[in-house]
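Asks: Here you go, sequence then predicted model.
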Amino acid sequence: MEVQASSTSLKTQLFRFISVGVCTAALDYSLTLLLTALGLHRSAAKALGWVAGTIAAYIANARWTFGAQVSGRTAGAVAALYGSTFVVQNFLYWVLNAPLLSLGLDGVVKDTVAFVIAQAVATVTNFVIQRIFIFKDK
């Protein structure tokens, strides 16, 4: 039985969104580090990790978090949202490199801190916009 978002509380939706986010961020993070270790530039690796995590997040959030069908309309709206948060997230990941290096962080630790900060900003933005604008009628 499918639960519609209109009968799902904000607390439940937020819990589900965060749960999906943790799992898909782990996918993004793992792929980013793996591709970086294989010699791909860190920005390119981050972009590919993001694409994999984003596709998984859209499908899981549409169905489980918001109780909506995966459709061209919602996919287009989420793609536009994720495209904008992609730019912000990757900008944060890139711009945090120098300040984190100046704090004495390096390598995987530096990249992990940058990843977490960028991911947190994207997650909050994505949840608010999806709940208020994209899946508001679900």
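Replies: Yep, that arrived.
Asks: got the buried residues for stretch 31-48?
Replies: Buried residues in stretch 31-48, counting neighbours by 16 or more other C-beta atoms under 10 Å, are found at 31-33, 35-36, 42, 45-47. C-betas here are computed from N, CA, C, even on glycine.
Asks: quick one, strands of this protein?
Replies: Here the chain has no strands by DSSP state E.
Asks: By residue count, which helix of this protein is the longest?
Replies: The longest helix of the chain (DSSP state H) is helix 10-37.
Asks: just to revisit the earlier point, which one among the buried residues of stretch 31-48 gets closest to residue 122?
Replies: residue 46 (11.9 Å; C-beta to C-beta).
Asks: mind listing what the closest one touches?
Replies: Residue 46 makes contacts with 32, 90, 93, 115, as judged by C-beta atoms under 8 Å, 6 or more residues apart in numbering.
Asks: The second one touches residue 50, doesn't it?
Replies: It stands for residue 90. Yes. Here residue 90 reaches residue 50: they are 7.2 Å apart, a contact under C-beta atoms under 8 Å.
Asks: between the two, who's got more neighbours?
Replies: residue 50 (26 against 16; other C-beta atoms under 10 Å).
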